[in-house]
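**Student:** Next one to model:
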Amino acid sequence: MGIILTLIMPILFYAFTLWLGSYLLARNSQKMAVRLTGWGLLAYAIALGTQVIFDQFFLITLLLPALLWIGAALHLLPEESPTRPILIRIWLVASIPLAILTQLNPWFAAFIVLALVLCAGMIAKLAITAHFKNTFALLAVIALFVTLSAGLLILPLHWIPLSWGMTLLGFDLLFLGATIIAWDAFDEGESIRAHLVHSFVSNLYYAGALAFITALFTDNLSLLLLLLTFGILTQTFSDPIQSLLDSLTLPRRLNNERQTLRQTADALPLLSTLETDSVDKEQFTRLTRRALSHLGDLPKLATNPLVNLPVITGTNPLDRAHALKSLLVQSIQKLKPQSDAKFGTTDEWRYYNAVHFPYVLGLKPYTRRADYDSLDNASRAALDWFQTSVPERTLHNWQNTAARMIAEDIRKAG
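**Tutor:** Take a look at the predicted model:
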């Protein structure tokens, strides 16, 4: 146990980083910026783990957090930005070759540092124009610190001891992860504090107990980190693990119902106490947009503050989620032109098509795995029309406009 006590701070740092990265991924967010930040924290945890076990760092483990954060920063750019898909494509193509070249010559890491500087600048620009001005301003400052600490680590300058550089990068990444969590929760209309504290305490109890018992009987650092990792991952991803076990042991219908109830119960701490009467028009529209995107996900819908609308009734969260879904579907139907047809391609149909087929029917126009055999004639025609005549950015703009119209309608109803 003596060896473990001398490394207690690196082990605790490893555990906290692993938990925070896992928590970001377990949120199952649709935002790639959130996912990539989570993977970046896990990559940093791996770097810490290798340092504890082997008493040395590997350059590739130091590069991964920086490369993943570049991708996360690019995905923070507005979807309507014409440069966004180009920059993301460049990042996807260049990351692996650049990582390989840096292994051969460490000075190639200067390109990674330069990319980090540019990303910090782009986020700072967002802080001037975006809705989340204060959040993006904070992200820009943190991104600058990540750039400095990453540069001190991956460039062969040797200005500070490696252990100091790792500590600086670790704190920067932890602040980055916490800020991304807060931004994602606010954008989704969720209250994050109770859920975050619950996850931390449950991991502290479960993984901490495993680590303490192991430390009492052995000085094997590899075994200690293995059990600590097992405890954190199984606790953080307990819902997917339980879903897998249920799918192997329960009938499909019972499994689906149990999964919905379990996910709703887990998501309840995220329910915001925000009063819908107190929000402005822009925020109400944003909450409506989020509710539309979660129309097929009742647990997510149950955490939307719109379930607090006076018109929404129900004795439990699932009832209120169903009531909100019905209200949204009714409002979507009001966008449909006065026609017996189920689908049309004229201008008067575009807002209805933009929300009815993707959200109500769950049609995914731009995926290559569409099952034509399971679709009716109207859905097949709509899918062909989206793929041949409607660019993805145009659909996104139509959905934003439709969300504003639906928000106005349900606000009057509420």
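**Student:** List the buried residues of the helix or strand that contains residue 283.
**Tutor:** Using DSSP states H and E, the element containing residue 283 is helix 281-293. For helix 281-293, burial by neighbour count (16 or more other C-beta atoms under 10 Å) applies to 283-293. Any C-beta I mention is one placed from the backbone N, CA and C, and that applies to glycine too.
**Student:** quick one: which of those is nearest to residue 142?
**Tutor:** residue 286 (23.7 Å; C-beta to C-beta).
**Student:** so who does that closest one touch?
**Tutor:** By C-beta atoms under 8 Å, 6 or more residues apart in numbering, the contact set of residue 286 is 131, 187, 189.
**Student:** quick one: least confident of the residues you listed?
**Tutor:** Checking pLDDT across the contacts of residue 286, the minimum falls on residue 131 at 73.
**Student:** In three-state terms, label that one for me.
**Tutor:** Under the three-state scheme (DSSP: H, G, I helix; E, B strand; the rest coil), residue 131 adopts coil.
**Student:** Assess the claim that it and residue 289 are in contact.
**Tutor:** No: the criterion here is C-beta atoms under 8 Å, and residue 131 misses it with residue 289 at 11.8 Å.
**Student:** tell me the secondary structure for residue 160?
**Tutor:** Residue 160 - assigned by three-state DSSP - is coil.
**Student:** Would you mind measuring from the closest residue to it other than its chain neighbours to residue 52?
**Tutor:** Spatial nearest neighbour of residue 160, chain neighbours left out: residue 152 (5.8 Å); criterion: C-beta to C-beta, 6 or more residues apart in numbering. Separation of residue 152 from residue 52 (C-beta to C-beta, to the nearest Å): 21 Å.
**Student:** As TSV, the buried residues of helix 281-293 with distance to residue 325 would be great.
**Tutor:** Listed next are these as TSV, based on distance: C-beta to C-beta, whole Å:
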residue	distance to residue 325
283	21
284	17
285	18
286	18
287	14
288	13
289	15
290	13
291	8
292	10
293	12
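**Student:** Angles on the backbone of the residue lying farthest from the centre of the chain, please.
**Tutor:** Computed with C-alpha atoms, centre = their mean, the residue of the chain farthest from its C-alpha average is residue 340, at 40.3 Å. Taking degrees, to the nearest 10, you get phi -80, psi -10 for the backbone angles of residue 340.
**Student:** do you know how far it is from residue 63?
**Tutor:** From residue 340 to residue 63 the distance is 60 Å (C-beta to C-beta).
**Student:** try residue 255
**Tutor:** Taking C-beta to C-beta, one finds residue 255 at 41 Å from residue 63.
**Student:** tally of neighbours for residue 72?
**Tutor:** Neighbourhood size, residue 72 [other C-beta atoms under 10 Å]: 24.
**Student:** Specify the local secondary structure of it.
**Tutor:** Quick answer, by three-state DSSP: residue 72 is helix.
**Student:** So it versus residue 169, what's the distance?
**Tutor:** 15 Å.
**Student:** before we move on, what about residue 379?
**Tutor:** 49 Å.
**Student:** Compare these two (neighbour count), which wins?
**Tutor:** Just comparing residue 379 and residue 169: by other C-beta under 10 Å the higher neighbour count belongs to residue 169, 24 against 19.
**Student:** in what helix or strand does the nearest residue to the more buried one once chain neighbours are set aside lie?
**Tutor:** Distances taken as C-beta to C-beta, 6+ apart put residue 149 closest to residue 169, at 4.1 Å, once the chain neighbours are dropped. Take DSSP H and E as the rule and residue 149 turns out to sit in helix 133-154.
**Student:** Same question for residue 335.
**Tutor:** Per DSSP H and E, there is no helix or strand for residue 335.
**Student:** and the closest residue to it other than its chain neighbours, how many neighbours?
**Tutor:** Using C-beta to C-beta, 6+ apart and skipping residues adjacent in sequence, the residue nearest residue 335 is residue 352, 4.1 Å away. By the criterion of other C-beta under 10 Å, residue 352 has 20 neighbours.
**Student:** Could you do residue 115 as well?
**Tutor:** Using other C-beta under 10 Å: residue 115 sits among 23 other residues.
**Student:** if I read this right, it contacts residue 69, doesn't it?
**Tutor:** No: Residue 115 lies out of contact with residue 69 (C-beta under 8 Å); the separation is 9.7 Å.
**Student:** looking at this structure, which helix or strand is least sure?
**Tutor:** Using mean pLDDT, DSSP states H and E, the weakest-scoring helix or strand in the chain turns out to be helix 2-6, at a mean of 54.
**Student:** Residue 303 belongs to a helix?
**Tutor:** No: using three-state DSSP, the assignment for residue 303 is coil, not a helix.
**Student:** residue contacts, residue 401?
**Tutor:** residue 351.
**Student:** which SSE is it in?
**Tutor:** Going by DSSP H and E, residue 401 is in helix 392-413.
**Student:** How many residues are close by the closest residue to residue 191 other than its chain neighbours?
**Tutor:** Counting by C-beta to C-beta, 6+ apart, residue 191 lies nearest to residue 272, which is 4.4 Å off, once chain neighbours are set aside. Residue 272 has 20 neighbouring residues, counting by other C-beta under 10 Å.
**Student:** is it true that residue 119 touches residue 70?
**Tutor:** Yes: at 5.6 Å, residue 119 counts as touching residue 70 under the criterion of C-beta under 8 Å.
**Student:** who's in contact with residue 7?
**Tutor:** Shown here is residue 7, whose contacts under the criterion C-beta under 8 Å, 6+ apart are 52, 221.
**Student:** my bad, residue 107
**Tutor:** Neighbours of residue 107 in contact, by C-beta under 8 Å, 6+ apart: 155-156.
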